[in-house]
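Engineer: just need the structure, nothing else, for what follows:
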Amino acid sequence: MKRILPVIVISQFFCTSLWFAGNAVIGDIAREFHLQSGFLAYLSSAVQLGFITGTLVFAVLGISDRFSPSRVFFACAMIGALINLGVVIAGISPAVLLLLRALTGFFLAGIYPVGMKIAADHYERGLGKSLGFLVGALVVGTAFPHLLKFAMVGLPWRYIVYATSALAMAGGTAMVLLVPDGPYCKPGQKIQPSLFLQSFKNRQFRAAAFGYFGHMWELYTFWVFVPIILSSYKAYFHLEAFNVPLLSFLIIVVGSLACVVSGLLSQRFGAKKVAAIALAISCLCCLASPLMLFNASQSAFLVFMLIWSASVIADSPLFSTLVAGNAPAESKGTALTIVNCIGFGITIISIQFLSAIHTSGNTRYIFTLLAIGPLLGLLALAAGQKSKLSC
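Structural biologist: Next up, the predicted model:
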C-alpha cells in the first residue's frame with residue numbers, strides 16, 4: 001500500500017511531460033517550419049482542445065468508471081506517446097502538427113483525470129494530501145520539457161520529443177503493473193450519457209466546480225506566457241546571461257512544491273479555506289503584475305514570478321478534492337473528468353484571448369485580465385460556504 005502513491009505520482013509526472021513537450025521546442029519548430037511566433041498559442045490550444053474533446057468523450061461514456069482505471073491510464077499513455085512521436089516526422093505540415101498535438105491532448109484525458117480517480121479510489125481519507133502530490137507531479141511534468149531543452153542545448157530538438165514519449169511509456173507501464181484498482185473503486189453500470197451532468201444538480205458540487213473554473217482561467221495562460229514574460233524581460237534589460245528555458249522550468253516547477261504544501265495544509269485547515277487563500281494570492285499577483293513584471297530589480301522580479309507560480313497552482317488539488325468529495329461515488333471518475341473538460345475549455349478561451357490582444361507594448365499590463373478568473377472563483381467558494389461545502 002505504501003508504494004501506491006509514489007507510483008501514481010511518478011507515473012503521472014512521466015506521462016504529463018507529453019503536455020508541454022511542443023511548447024518547449026516551439027522556437028525550433030517555428031524555425032524549421034517557417035512559422036510565426038504566434039503559432040505557440042495555436043499549438044497550446046490544440047492540446048487543450050484535444051484534451052477537452054477527450055474528457056467529454058470519456059465523461060459521456062463513463063470510461064474511468066466502467067473499466068479498470070489503471071488499464072485506461074496505461075492504454076492512453078502508450079497511444080499518447082506514439083502520437084507525440086509523430087511531430088518529428090520530416091516534412092509534415094503545420095496543420096498535421098496541430099492535429100498531432102490535439103490527438104496527444106485527447107489521450108491525456110485518460111491520464112490526468114484518470115490518475116486523480118485512481119488516487120481517490122485508494123485514498124478516501126487524506127485525499128487533499130494525495131492529490132497535492134499528484135497535481136505536483138503534473139506541474140513537474142509540465143515544466144520538465146523546459147529542463148530537457150536546457151539540458152539538451154545544442155542537440156536536435158527531436159531528442160526532447162523522444163525523451164518525453166519514452167517517459168510516458170514508462171509511466172503507463174508502471175501504473176498498470178504496480179497499481180491495482182483501489183478499495184474505494186465502485187464500478188459504474190451501463191452507459192448513461194446524462195450521468196456526467198447529474199452532479200451539477202448538487203449545489204455543493206457546483207460551488208467546487210465553479211471555483212475550479214475560475215482558477216483555470218488563470219492557470220494555463222500563465223504557464224503558456226511564462227517563457228514570453230521572461231523573454232520580454234530579457235530583451236527589455238538586454239540580459240545576455242538570462243537563461244529563459246532554465247528559469248521557465250524553475251518558475252513553473254515551484255508550483256509542485258506549492259501543491260504538496262497546500263495538500264498538507266488542507267489536512268489541518270480544510271481544502272476550501274486553503275484553496276481560497278491561494279486563489280486570493282494569485283488574484284493579487286495578477287493585479288500587481290504591472291508593477292512587477294518589468295521591475296528593474298531582477299531579484300524582485302524573479303521572486304514575484306515564483307510567488308505567482310506557487311499560488312496559481314496551489315489550489316488545484318484542493319478543488320479536485322472538493323469536486324471528488326461532493327460527487328456520487330459511482331460517478332466520481334466521470335465527475336472529475338467533466339469538470340476537467342469544462343475547465344480546460346475555459347483555458348482555450350483565456351489563452352486565445354490574451355494571445356489575440358498581446359503586443360510587445362502591453363506585456364506589463366495585460367495579465368491583470370487574468371484576475372477575472374480568481375475573483376469569480378472566490379465568489380463561487382463564498383456561495384459554497386452558504387451551502388456548507390464539504391472537505
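Engineer: tell me the buried residues in the helix or strand harbouring residue 334?
Structural biologist: Taking DSSP states H and E as the criterion, residue 334 maps to helix 332-357. Residues 332-348, 350-352, 354-355 are the ones in helix 332-357 that count as buried (16 or more other C-beta atoms under 10 Å). The way it works is simple: take the backbone N, C-alpha and C, and place the C-beta from them, glycine included.
Engineer: and stretch 159-169, by the same measure?
Structural biologist: By neighbour count with 16+ other C-beta under 10 Å, stretch 159-169 contains the buried residues 160, 161, 163, 164, 165, 167, 168, 169.
Engineer: how about the secondary structure of the second one?
Structural biologist: It refers to residue 161. The three-state assignment at residue 161 reads helix, by DSSP: H, G, I helix; E, B strand; the rest coil.
Engineer: how close does the residue nearest to residue 377 when sequence neighbours are not counted get to residue 372?
Structural biologist: Of all residues not flanking residue 377 in the chain, residue 214 sits nearest, at 2.5 Å (C-beta to C-beta, 6 or more residues apart in numbering). In this view, residue 214 and residue 372 are 8 Å apart by C-beta to C-beta, to the nearest Å.
Engineer: picking that back up, what is the mean pLDDT for the helix holding residue 334?
Structural biologist: Mean pLDDT, helix 332-357: 85.
Engineer: what mean pLDDT does the helix or strand just after it get?
Structural biologist: Scanning forward in sequence from helix 332-357 by DSSP H and E, the next helix or strand is helix 372-386. Across helix 372-386, the average pLDDT comes to 88.
Engineer: figure out the helix or strand that residue 312 lives in.
Structural biologist: helix 298-314.
Engineer: which strands and helices sit next to that helix?
Structural biologist: Here helix 298-314 touches helix 203-237, helix 244-269, helix 271-292, going by 3 or more C-beta pairs under 8 Å, 6 or more residues apart in numbering; DSSP states H and E.
Engineer: in that helix, what's buried?
Structural biologist: Neighbour-count burial for helix 298-314 [16+ other C-beta under 10 Å]: 301-302, 304-314.
Engineer: and which of these is nearest to residue 64?
Structural biologist: Using C-beta to C-beta, residue 313 comes nearest to residue 64 of those, at 22.9 Å.
Engineer: in this structure the closest one contacts residue 253, no?
Structural biologist: No. The pair residue 313 / residue 253 is not scored as a contact, 10.3 Å apart, by C-beta atoms under 8 Å.
Engineer: quick one: the helices in the stretch 51-200 of the chain?
Structural biologist: Ranges of helices within the stretch 51-200 of the chain are 63-66, 69-85, 94-108, 112-122, 127-151, 158-178, 195-198, based on DSSP state H, counting those that start in this stretch.
Engineer: which one's more surrounded, residue 214 and residue 372?
Structural biologist: More neighbours surround residue 214 than the other of residue 214 and residue 372, with 24 against 15 (other C-beta atoms under 10 Å).
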